[in-house]
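Peer 1: quick one: sequence and predicted model below, then my questions.
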Amino acid sequence: DVQLVESGGGFVQPGGSHRLSCAASGFTFSDHYFHWVRQAPGKGLVWVARIHLDGSSTQYADFVEGRFTISRDNAKETLSLNMDSLRVEDTAIYYCVREGDYSPKLDYWGQGVLVTVSS
Amino acid sequence: DMQLTQSPSSLSASVGDRVTITCRASQSIAGYLNWYQHKPGRAPKLLIFAATSLESGVSSRFRGSVSGTGFSLTISSLQPEDFATYYCQQSYTTRWTFGQGTKVEIK
């Protein structure tokens, strides 16, 4: 079965840094693009970032551009999100998401991990 | 930036009702439009991809369509497990975006 398990959630002070990880299993990791999507408390889903198959190309939402870095390790089948200069408004559940094989769709989601940015 | 606008933002319906949610894009996105269901405390679930294709394992009571005014998700006969928030999402532009969501509540 496809599994995506996020880790690294917790409390961070504004201006601080934090790293999220996502361990994948049950499929060929290197065959898929990956994304991070977040949901702030009481708000809707928001797309954050995308990474290509070998990590050579990445895209970001404008509100995280220059602060967040998405990366992957195909040998370890792990996706990461490095978050710098965190703001209170970055408080959210962060989901690790797999992109589908033959269509640009988000077909498998992790359970999500909560990051709280607060002083 | 690309914007997706869903309507309504929320609705109340009864079991057995037919429900339609619409999604309008601020610019052309061809057919690169997906629909998701999200329940509190759960991972979102893909329902429809490429505007009209039903994801494997999803009930056929969910249907995606395209019209001159945009895109629609129709639930033909609402079931108790369908009460959730539904999101459209476009994958046409480099930066993907979601609609603001439509909460389907029990009347």
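Peer 2: Here it is on my side, so go on. Numbers count the residues shown, from 1 in each chain, chains lettered A, B, ... in the order given.

Peer 1: so residue B:52 is in contact with residue B:31, correct?
Peer 2: Yes. At 7.4 Å, residue B:52 counts as touching residue B:31 under the criterion of Cβ atoms under 8 Å. Using the backbone N, CA and C atoms, a C-beta is placed for each residue, glycine as well.

Peer 1: any common contacting residues for the two?
Peer 2: Common neighbours of residue B:52 and residue B:31 (criterion: Cβ atoms under 8 Å, 6 or more residues apart in numbering or on different chains): residue B:66.

Peer 1: chain A contacts on chain B?
Peer 2: Contacts of chain B with chain A, taken as Cβ under 8 Å from any Cβ of the partner chain, map to B:1, B:32, B:34, B:36, B:38, B:42-46, B:49-50, B:53, B:55, B:85, B:87, B:89, B:91, B:94-101.

Peer 1: can I get the buried ones among those residues as something I can paste into PyMOL?
Peer 2: Those of the residues of chain B next to chain A that count as buried under 16 or more other Cβ atoms under 10 Å in any protein chain shown are selected in PyMOL with:
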select buried, chain B and resi 32+34+36+38+43+44+45+46+49+50+55+85+87+89+91+95+96+97+98+99+100+101
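
Peer 1: in strands, which of the residues of chain B next to chain A appear?
Peer 2: B:34, B:36, B:38, B:45, B:46, B:49, B:53, B:85, B:87, B:89, B:97, B:98 (DSSP state E).

Peer 1: could the residues you listed be laid out in JSON lines, adding pLDDT?
Peer 2: Shown next, in JSON lines, are those (pLDDT from 0 to 100):
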{"residue": "B:34", "pLDDT": "98"}
{"residue": "B:36", "pLDDT": "98"}
{"residue": "B:38", "pLDDT": "98"}
{"residue": "B:45", "pLDDT": "98"}
{"residue": "B:46", "pLDDT": "98"}
{"residue": "B:49", "pLDDT": "98"}
{"residue": "B:53", "pLDDT": "97"}
{"residue": "B:85", "pLDDT": "98"}
{"residue": "B:87", "pLDDT": "98"}
{"residue": "B:89", "pLDDT": "98"}
{"residue": "B:97", "pLDDT": "97"}
{"residue": "B:98", "pLDDT": "98"}
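
Peer 1: strands of chain A, residue ranges please.
Peer 2: Counting by DSSP E, the strands of chain A are A:3-7, A:10-12, A:18-25, A:34-39, A:45-51, A:58-60, A:68-73, A:78-83, A:92-99, A:106-109, A:113-117.

Peer 1: any chance of a markdown table for those strands, columns distance to residue B:19, mean pLDDT and mean neighbour count?
Peer 2: Formatted as a markdown table, the strands of chain A follow (distance: least, Cβ to Cβ, whole Å; pLDDT from 0 to 100; neighbours: other Cβ atoms under 10 Å in any protein chain shown):
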| stretch | distance to residue B:19 | mean pLDDT | mean neighbour count |
| --- | --- | --- | --- |
| strand A:3-7 | 30 | 98 | 17 |
| strand A:10-12 | 39 | 97 | 14 |
| strand A:18-25 | 33 | 98 | 18 |
| strand A:34-39 | 23 | 98 | 24 |
| strand A:45-51 | 20 | 98 | 23 |
| strand A:58-60 | 33 | 98 | 17 |
| strand A:68-73 | 35 | 98 | 18 |
| strand A:78-83 | 35 | 98 | 21 |
| strand A:92-99 | 25 | 98 | 23 |
| strand A:106-109 | 22 | 98 | 22 |
| strand A:113-117 | 31 | 98 | 18 |
